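Novice: no sequence on this one, just coordinates:
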């Protein structure tokens, strides 16, 4: 009876031991597999990749992880019909207040330069002139009527006695000579529409203008 009972217990305990051994074997196998997944071959365990690393691995090269390139800016084109002011920093550009390409100031407009009067001739000297000298103004008439080798002349209202006696004149080398009784009273040179000179005896300035 006791032997039978012992045999039954032995059979039961043997079966339990086998079941326990199978469970332990399965657990060891799972542990080995888990260890091989996180082992880099050198005995060190690697942690599972983080979510951030997984996201970064999906980013294309040159985006996100690479440094941003330099951003260049340029001015917008002018609106149609807008007046563009020149840039003073550009080479060849004119500074404010300076002359432009035509040599004129922006604030000025070209004006016609008065034409210089033609040089005097004997014909242009003929006529009535206003004489201006230190004693005052008077009239001098240069005639086209010949008088020997000269031309007739006369004066009116002159205070200077030398001018009062003028009775002849001539035109020579761009100059007017006034005479009285054969002697030179005054010599005057063409000066752009009038004659300027001096009275011979006194040296006083004298001018003839129309």
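Specialist: Looks like it came in fine. Model, not experiment: these values are computed from the prediction.

Novice: partner residues bridging the nearest residue to residue 165 once chain neighbours are set aside?
Specialist: Closest residue in space to residue 165, ignoring its immediate chain neighbours: residue 180 at 3.8 Å, by CB to CB, 6 or more residues apart in numbering. No exception for glycine: its C-beta is placed from N, CA and C like everyone else's. Per DSSP bridges, the residues bridged to residue 180 are residue 183.

Novice: dump the residue contacts of residue 180.
Specialist: 162, 165-168 (CB atoms under 8 Å, 6 or more residues apart in numbering).

Novice: Could you tell me which of those are located in helices?
Specialist: Judged by DSSP state H, helices contain the following of these: residue 162.

Novice: of all the contacts of residue 180, which comes closest to residue 80?
Specialist: Looking at the contacts of residue 180 and their distance to residue 80, the nearest is residue 166, at 75.4 Å (CB to CB).

Novice: doesn't residue 179 make contact with the closest one?
Specialist: Yes - when contacts are counted by CB atoms under 8 Å, residue 166 is listed as touching residue 179 (6.9 Å).

Novice: Go through the longest strand along the chain and flag the buried ones.
Specialist: Using DSSP state E, we find that the single longest strand of the chain is strand 136-147. Buried positions in strand 136-147, judged by neighbour count with 16 or more other CB atoms under 10 Å: 138, 140, 142.

Novice: list the helices and strands it packs on?
Specialist: With contacts taken as 3 or more CB pairs under 8 Å, 6 or more residues apart in numbering; DSSP states H and E, strand 136-147 sits against strand 127-133, strand 150-156.

Novice: Show me the beta-bridge partners of the nearest residue to residue 154 once chain neighbours are set aside.
Specialist: Distances taken as CB to CB, 6+ apart put residue 141 closest to residue 154, at 5.0 Å, once the chain neighbours are dropped. In this structure, residue 141 bridges to residue 128, residue 154 when assessed by DSSP bridges.
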